[in-house]
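Asker: coordinates for the following, if possible.
(one chain, ligands or ions: 1)
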Amino acid sequence: MKVVLNLVKKEKKALFVIFGGTGDLAQRKLYPALFNLYKRGYLKKHFAVIGTARRPWTNDYYRDVVKSSIDGMVDSQTKINEFASHFYYQSHNVNDVEHYETLKALADKLDAKYELAGNRLYYLAMSPRFFGTISKYLKSEGLADTDGYNRVIIEKPFGRDYQSAKELDDEISKYFSEEDVFRIDHYLGKEMIQNIMALRFSNSILSAIWNNKMISNIQVTLSESLGVEERGGYYDTAGALRDMVQNHILQIVALLVMDRPASYCAKDVRQKKVETFKALKVYSPEEVKANFVRGQYGEGKDMPAYREENLIEPDSMTETFVAGKLEVNNKEMAGVPIYIRTGKRMATKATRIDIVFKQDKGSIYGEQALADNILTINVEPDPGIALSLNTKKIGQEYATKKTELKNSLTKEQAARVPEAYESLILNVLQGNSVNFTHWDELKYSWKFLDAIRKAWDEEGLPVDYFPNYSCGTMGPQISDELLAKDGNYWIFN
Ligand code: NAP
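Answerer: Sure thing, here's the model as predicted:
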């Protein structure tokens, strides 16, 4: 164990090249994540960052932007200045092959100056339509031709269906091998999502009952209270199914129902996840109708309807809510309904998983109903777990009552939880892809999703089908009816 910890703590040497260095993702997530790695000692003297984008910023201006993105994260201005001094800006149009020469010259210079051993990490924080071009020129212009490693981090969305995802993957894999491609899904960097495997595979009392004999159903909710904000243009062409289900939700489901991996290493975990995706039942159009519902928010609680948002067509048929029932036909989980739900402008922002266990044979105290045994994994906003049990009601009466055993992180523990991007960037520095999506996982997840999308597109709903839920609610009534058909209900409401 000591050896593993030492390895993880060792300072990493690398050059980060951030494409889209002026963008929202870089400023809101990547620079704070890099700063946290710096504070924790994973990045020290031997690192440098090149931010690239078209606008003509100077190094000084760029460093000021970086500093303001980490404002308030530490008191010491000296530390902030030291950190920012490792950042360099290079104006660069990714479509212009000649710009890669300038980029290479700067990369080589920084490599020598900071003694980076040729280790390079390219973060593609840009629209996916540029991924193929960037990968091609990184190789052809010799940037990725160093003695160290050359790893590419790719943001979502990875395609908009199986075909486009495959074309993108074919393009990138011409230049980078699968082991050097890190497809990021930031949910896999969240502490409580990473806790799923720890809970399932380190507790005999849970692993013994994690199967279709004991589990009644599984529920996954990713609810957002915000609307589309500034992302209307993108969102209206994507919808909740592509934006949330294909990636985050299916990844969480895979962790919940996959078979036990031989070890916590990328090869073993990904193998079990791929098997799970293969076992995910792809629905026929009739099955889509029976198992998936969609919604779009109307106005409510002083908030506008989706169709009134900026950049959204007044007759848009894009779904802002999805609920569905999934079936994974592997040995342990076949027959267990897996209900998933996500939406915008819902009552609250939360990510929560409920494992509902089958009821005991019945109360020995008579006719009274027993409460469900439920294991809840609260991912956010209040990370922790809870287990509800039946215990005896206090007093002379012989009856049971529901008791909840609850564990939430203390303030100090919560403060120690790394941000998702921080954990994932560290994984890339370590060359550890356990929390990244393999192409084979994507392939099957898109095939599953395409069947739903196709059935929906062919169904042709009337324009007045939407809106069907109000802002500030937990989605349309059809979402409750989906579970009611099976005699179930959303635990989180
Ligand atoms: P953004 O704010 O629009 O940033 C796009 C970046 O690309 C800018 O830095 C822009 O800078 C640069 N750019 C555009 N065309 C270029 C060109 N031809 N050559 C060089 N640079 C160019 O987008 P974002 O929100 O950061 O998102 C980036 C990617 O991450 C997208 O794929 C998005 O879907 C994904 N993502 C974002 C978030 C998030 O929270 N923002 C979350 C998950 C995934 P210039 O205009 O100066 O060139």
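Asker: hey, let's count contacts and neighbours off CA atoms from now on
Answerer: OK.
Asker: now do the strands in the stretch 1-150 of the chain.
Answerer: Ranges of strands in the stretch 1-150 of the chain, per DSSP state E, counting those that start in this stretch, are 14-19, 47-53, 87-91, 120-124, 150-154.
Asker: format the ones you listed as a markdown table; extra columns: mean pLDDT.
Answerer: Formatted as a markdown table, these follow (pLDDT from 0 to 100):
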| stretch | mean pLDDT |
| --- | --- |
| strand 14-19 | 98 |
| strand 47-53 | 98 |
| strand 87-91 | 97 |
| strand 120-124 | 98 |
| strand 150-154 | 97 |
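Asker: just put these in JSON lines and tack on mean neighbour count and distance to the ligand.
Answerer: Converted to JSON lines, these look like this (neighbours: other Cα atoms under 10 Å; distance: least, Cα to the nearest ligand atom, whole Å):
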{"stretch": "strand 14-19", "mean neighbour count": "24", "distance to the ligand": "6"}
{"stretch": "strand 47-53", "mean neighbour count": "24", "distance to the ligand": "4"}
{"stretch": "strand 87-91", "mean neighbour count": "21", "distance to the ligand": "8"}
{"stretch": "strand 120-124", "mean neighbour count": "23", "distance to the ligand": "7"}
{"stretch": "strand 150-154", "mean neighbour count": "22", "distance to the ligand": "8"}
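Asker: which parts of stretch 280-298 are buried?
Answerer: For stretch 280-298, a neighbour-count test (16 or more other Cα atoms under 10 Å) marks 280, 282-283, 285, 288, 291-298 as buried.
Asker: now it - C-alpha only, PDB.
Answerer: Presented in PDB, the C-alpha positions along stretch 280-298 are these (Å, rounded to 0.1, in the frame of the first residue of the first chain):
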ATOM      1  CA  LEU A 280     -27.800  -3.600 -22.100                       C
ATOM      2  CA  LYS A 281     -30.900  -4.400 -24.000                       C
ATOM      3  CA  VAL A 282     -31.400  -2.300 -27.200                       C
ATOM      4  CA  TYR A 283     -35.100  -1.600 -27.500                       C
ATOM      5  CA  SER A 284     -37.400  -2.000 -30.500                       C
ATOM      6  CA  PRO A 285     -39.600   1.000 -31.300                       C
ATOM      7  CA  GLU A 286     -42.500  -0.600 -29.300                       C
ATOM      8  CA  GLU A 287     -40.200  -1.200 -26.400                       C
ATOM      9  CA  VAL A 288     -39.000   2.400 -26.500                       C
ATOM     10  CA  LYS A 289     -42.600   3.600 -26.200                       C
ATOM     11  CA  ALA A 290     -43.100   1.300 -23.300                       C
ATOM     12  CA  ASN A 291     -39.900   2.100 -21.500                       C
ATOM     13  CA  PHE A 292     -38.900   5.700 -22.200                       C
ATOM     14  CA  VAL A 293     -40.700   9.000 -21.700                       C
ATOM     15  CA  ARG A 294     -39.600  12.600 -22.400                       C
ATOM     16  CA  GLY A 295     -40.500  16.000 -21.400                       C
ATOM     17  CA  GLN A 296     -39.900  19.700 -22.000                       C
ATOM     18  CA  TYR A 297     -40.300  22.400 -19.400                       C
ATOM     19  CA  GLY A 298     -42.900  25.000 -19.500                       C
END
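Asker: OK, contacts around residue 227?
Answerer: 306, 344, 345 (Cα atoms under 8 Å, 6 or more residues apart in numbering).
Asker: next one: the closest residue to the last one other than its chain neighbours from residue 286, what distance?
Answerer: Setting aside the residues directly before and after it, residue 345 is nearest to residue 225 in space (Cα to Cα, 6 or more residues apart in numbering), at 4.2 Å. Taking Cα to Cα, to the nearest Å as the criterion, residue 225 is separated from residue 286 by 31 Å.
Asker: what's the answer for residue 482, then?
Answerer: From residue 482 across to residue 286, the span is 14 Å (Cα to Cα).
Asker: what is the one helix or strand residue 355 maps to packed up against?
Answerer: Residue 355 belongs to strand 350-357 when assigned by DSSP states H and E. Contacts defined by 3 or more Cα pairs under 8 Å, 6 or more residues apart in numbering; DSSP states H and E place strand 350-357 against strand 215-223, strand 374-380.
Asker: can you list contacts of it?
Answerer: By Cα under 8 Å, 6+ apart, strand 350-357 touches 214-224, 372-381, 491-492.
Asker: pull the distance from it to the chain's centre.
Answerer: 17 Å (Cα atoms, centre = their mean, to the nearest Å).
Asker: what average pLDDT does that strand get?
Answerer: Averaging pLDDT along strand 350-357 gives 98.
Asker: host element of the residue of the chain most remote from its centre?
Answerer: Residue farthest from the centre of the chain, counting by Cα atoms, centre = their mean, is residue 396 at 49.8 Å. Assignment of secondary structure by DSSP H and E places residue 396 within no helix or strand.
Asker: just the strands in the stretch 151-300 of the chain please.
Answerer: Assigned by DSSP E, counting those that start in this stretch, the strands in the stretch 151-300 of the chain fall at 181-183, 215-223, 292-295, 297-298.
Asker: which one of those lies closest to the ligand?
Answerer: strand 181-183 (11.0 Å; Cα to the nearest ligand atom).
Asker: does the closest one come close to the ligand?
Answerer: No: with Cα under 6 Å from any ligand atom as the criterion, the ligand is not reached by strand 181-183; the gap is at least 11.0 Å.
Asker: adjacent strands (with direction) for that strand?
Answerer: strand 150-154 (parallel) (DSSP bridges).
Asker: export the partner strand as CSV, just CAs?
Answerer: Output of strand 150-154 as CSV, limited to C-alpha atoms (Å, rounded to 0.1, in the frame of the first residue of the first chain):
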residue,chain,number,x,y,z
ASN,A,150,1.8,12.1,-25.7
ARG,A,151,-1.7,11.9,-24.3
VAL,A,152,-4.9,13.5,-25.6
ILE,A,153,-7.8,14.4,-23.4
ILE,A,154,-11.1,14.7,-25.3
